[in-house]
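K.L.:
The following comprises the amino acid sequence and a computationally predicted model.
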Amino acid sequence: MMSVITNMLQGGLGNLFAYLAAHVLLCLLPAFCIAGAMTALIPKETVTRFLGRNAPGVVSYPAATLAGSLLAVCSCTIVPLFAGIYKKGAGIGPAITFLFFAPAANILALVYTGGVIGVDLAFARFFLSLAFGIGIGLIMALLFRSEDAAHDKATDAMFAGQSAAGMHPAALAFLLVWVALLLAGTLKLGFLTGSYHQLSVPISGAAEFQALLDRLVPYDAGKGEEGLSVHGVMLILLLAAVGLTSWLGIERIHEGFNRWTWIAMGLTGLTLLVAALNIQADALGLGLGFTGKFFGVLATLLALGWLARKRLTEDELRDWLWESWHFVKQIFPLLIVGVFLVGIMRVLIRPEWIESLAGANTLLGNLAGVAFGVFMYFPTLVEVPIAKMFLGLGMHRGPLLAYLMADPELSLQSILILSAIIGRLKTWTYVGWVALFSTLAGLTYGTWVDGASLGLIALFLGAFLAALALVLWLVSRHAAHEPSLQKTGF
Amino acid sequence: MLTIKILGPGCANCKRLEEIARKAATNMGVEAEFIKVTAYNDILAYNILSTPGLVINEKVVSSGRIPAPSSVSVWIADALKAA
């Protein structure tokens, strides 16, 4: 009994440390800064202005997906924003597209999925969310078109009155340089990952320390475990220092910048630089490899420092720091707890269970993925380490995508809030479509992974969409007999 | 006597905004009634898209961000002049 608990705790802690050392830095740290910059520096009116009912469908639906990926980062932000744009007169279609797209394919979720699980799954998540988000939006607009017209009369053209304040060029540059830093740090290209200069720092005991770490955090690549290196330990310590100084420097930033604010920013830069180095412990001490990544991160950090000091106003800088810190405070603790629990679950769940349920790309496997996504509520982004655990335990990539599509979209909690805003009938219709489309997404992607030709998949999808269009056409013909029908935005 | 409304469902940003606004009013020695508006329908009536929002004497002065204490003081002074 005792050994089972020790095993679980060791699994949880091991997973947490390996995760902090491997994934957080070059992908999550810039992602938090980008999300903060988007919230603080992009005027929301600029993006959502195109969602109004007067905008034609070819503008409003893509605008809804763009707004989703730019503005919202977690479901707790999305539902209020959804309520806002819907009540202000956006059609139900674009509003639903926004609601669907934002949690699944915002920049934080995509970057994170790409970094932890693989770029292929991140792309699949993006394109399928795009197609299905717009599809579900169009379907909802068609199904509820008479009610939508009534809603139209109740709200006036509030979107038209919004000022179109553009984005200040330096703020845009600041945002783009952060994206460049993220790409330089995470893309796995030869010229970025290769080392250009080697340096050996003689520290005695480095190799022994590494051997100790290997004993404490045993790793097994076959089970998806990662282990912990000396480099990782350095990064975890730096990360803790960043957290502490940010607490001192940013928590009360509205009262003015203090010494800790600048120290926190400096330490964040240093952490990113250390993360970009290639550090190996060997018999001589620590070998430092100056990679292409390192020089990329260094150049972008210098550009960011110059922009922040010389070009951004103090208000912009403060808003950016506050919003980034706010995201970190809101999401990071949940991620830590989530990853720890995933480590414990990994010890408990038998690979055979996953194999038999969702080891192959079957309809049942995909449905199981969706059902798990709906009934288990995980906070934003925690779905990604969970998905990684399933992958390590033998889940097929198809059902895995079905799970990744359904989990951020649907949870019992968001279903309840949603039904308060748009009514029970619309909510459950939405839930039904999301479940159907997520299953379909998993099946399609799984078939592709299994090696089916793209032509066959296109045929299969085309047949399904044709059948869907036929049903919807019949519904709309039925609706056309009702006198209340009115031509809506699309 | 000013009426200062904080629009927002009670998130961390709204609490921070209220704190800043209260402090600004106290520092200026202005008497103000603070009202927290938390219902979505009431918030949307002010035609703002994102919270937190700050309303002084029924005029929206800021939304979607936490303003600097110095800006809040300026808005309070403006509202006093207009009143």
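P.N.:
Done, it's in. These figures come from a predicted structure and were not determined experimentally.

K.L.:
And what about A:L288, helix, strand or coil?
P.N.:
strand (DSSP: H, G, I helix; E, B strand; the rest coil).

K.L.:
Look up how far A:L187 lies from it.
P.N.:
21 Å (C-beta to C-beta, to the nearest Å). Backbone N, C-alpha and C define where each C-beta goes, glycine included.

K.L.:
So between those two, which is more surrounded?
P.N.:
A:L288 (19 against 15; other C-beta atoms under 10 Å in any protein chain shown).

K.L.:
Leaving out sequence neighbours, find the closest residue to the more buried one.
P.N.:
Nearest non-adjacent residue to A:L288, counting by C-beta to C-beta, 6 or more residues apart in numbering or on different chains: A:L199, 4.5 Å away.

K.L.:
Model confidence for the most centrally placed residue in chain A, exactly?
P.N.:
By C-alpha atoms, centre = their mean, chain A has its centre lying nearest to A:A109, at 0.7 Å. We have a pLDDT of 79 for A:A109.

K.L.:
And A:A67, by the same measure?
P.N.:
Per the predicted model, pLDDT is 78 at A:A67.

K.L.:
Which elements pack onto the helix or strand of chain B with the lowest mean pLDDT?
P.N.:
Scoring the helices and strands of chain B by mean pLDDT, DSSP states H and E places helix B:40-44 at the bottom, with a mean of 77. Other elements packing on helix B:40-44 under the criterion 3 or more C-beta pairs under 8 Å, 6 or more residues apart in numbering or on different chains; DSSP states H and E are helix A:75-87.

K.L.:
rewinding a little: distance-wise, check the residue nearest to the centre of chain A relative to A:F126.
P.N.:
9 Å.

K.L.:
one step back: give me the distance between the least confident helix or strand of chain B and the centre of its chain.
P.N.:
Computed by C-alpha atoms, centre = their mean, to the nearest Å, the chain-centroid distance of helix B:40-44 equals 15 Å.

K.L.:
where's the residue nearest to B:P67 when sequence neighbours are not counted, which helix or strand?
P.N.:
Take B:P67 and drop its neighbours on the chain: the residue closest to it by C-beta to C-beta, 6+ apart is B:L54, 6.8 Å away. Using DSSP states H and E, B:L54 sits within strand B:53-56.

K.L.:
likewise A:I421?
P.N.:
Per DSSP H and E: helix A:412-422 holds A:I421.

K.L.:
so how far is chain B from A:R252?
P.N.:
9 Å (C-beta to the nearest C-beta, to the nearest Å).

K.L.:
Tell me which residues touch the residue nearest to B:P67, please.
P.N.:
B:4-7, B:17, B:21, B:60-63, B:67, B:72, B:75 (C-beta atoms under 8 Å, 6 or more residues apart in numbering or on different chains).

K.L.:
Please indicate which of the residues you listed are buried?
P.N.:
B:I4, B:K5, B:I6, B:L7, B:L17, B:A21, B:V61, B:S62, B:S63, B:P67, B:V72, B:W75 (16 or more other C-beta atoms under 10 Å in any protein chain shown).

K.L.:
min pLDDT across those, which one?
P.N.:
B:S63 (82).

K.L.:
Where do the strands of chain B begin and end?
P.N.:
B:2-7, B:32-37, B:53-56, B:59-63 (DSSP state E).

K.L.:
sorry, that was for the stretch 101-250 of chain A
P.N.:
Under the criterion DSSP state E, counting those that start in this stretch, the stretch 101-250 of chain A carries strands at the ranges A:195-201.

K.L.:
ok, now the stretch 251-400 of chain A?
P.N.:
A:278-282, A:285-291.

K.L.:
got TSV for those, with mean pLDDT and distance to A:Q210 too?
P.N.:
Output for the strands of the stretch 251-400 of chain A, formatted as TSV (pLDDT from 0 to 100; distance: least, C-beta to C-beta, whole Å):
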stretch	mean pLDDT	distance to A:Q210
strand A:278-282	81	4
strand A:285-291	85	10
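
K.L.:
Could you identify which of those is most buried?
P.N.:
Highest mean neighbour count among the strands of the stretch 251-400 of chain A (mean count of other C-beta atoms under 10 Å in any protein chain shown): strand A:285-291, with a mean of 18.

K.L.:
Relative to A:A467, which of the strands of the stretch 251-400 of chain A is closest?
P.N.:
strand A:285-291 (51.4 Å; C-beta to C-beta).

K.L.:
Now do that closest one against strand A:278-282: the angle between them, please.
P.N.:
Orientation of strand A:285-291 against strand A:278-282 (axes from the mean of the first three to the mean of the last three C-alpha atoms, to 10 degrees) gives an angle of 160 degrees.

K.L.:
Strand A:285-291 pairs with which strands, and in what direction?
P.N.:
strand A:195-201 (antiparallel), strand A:278-282 (antiparallel) (DSSP bridges).

K.L.:
so how far is it from its chain's centroid?
P.N.:
Worked out by C-alpha atoms, centre = their mean, strand A:285-291 lies 32 Å from the chain centre.

K.L.:
cool, and stretch A:236-249?
P.N.:
23 Å.

K.L.:
got it, and stretch A:281-292?
P.N.:
33 Å.

K.L.:
Now the terminal residues of it, how far apart.
P.N.:
20 Å (C-alpha to C-alpha, to the nearest Å).

K.L.:
got the contact list for it?
P.N.:
A:184, A:191-204, A:206-207, A:209-210, A:229-230, A:276-280.

K.L.:
so which of the contacts of B:L54 would you say is closest to A:A441?
P.N.:
B:S63 (36.4 Å).

K.L.:
tell me which element the residue lying closest to A:E383 once chain neighbours are set aside falls in.
P.N.:
Closest residue to A:E383 apart from its sequence neighbours, by C-beta to C-beta, 6+ apart: A:D407 at 4.3 Å. Assessed by DSSP H and E, A:D407 sits inside helix A:397-409.

K.L.:
list the helices and strands that helix packs on?
P.N.:
Using 3+ C-beta pairs under 8 Å, 6+ apart: helix A:397-409 touches helix A:92-105, helix A:119-143, helix A:363-375, helix A:383-392, helix A:424-449.

K.L.:
still on that earlier bit, check contacts around the residue nearest to A:L288.
P.N.:
A:G287, A:L288, A:G289, A:F290.

K.L.:
hang on, the earlier thing: wait, which of the strands of chain B is closest to A:L461?
P.N.:
Going by C-beta to C-beta, the one of the strands of chain B nearest A:L461 is strand B:59-63, 42.5 Å.

K.L.:
re the thing from before, how far off helix A:424-449 does the helix holding A:I421 point, in degrees?
P.N.:
Using the same axes, to 10 degrees: helix A:412-422 against helix A:424-449 is 130 degrees.

K.L.:
ok, B:A68 touching A:R318?
P.N.:
Yes - applying C-beta atoms under 8 Å, one finds B:A68 in contact with A:R318, separated by 6.9 Å.
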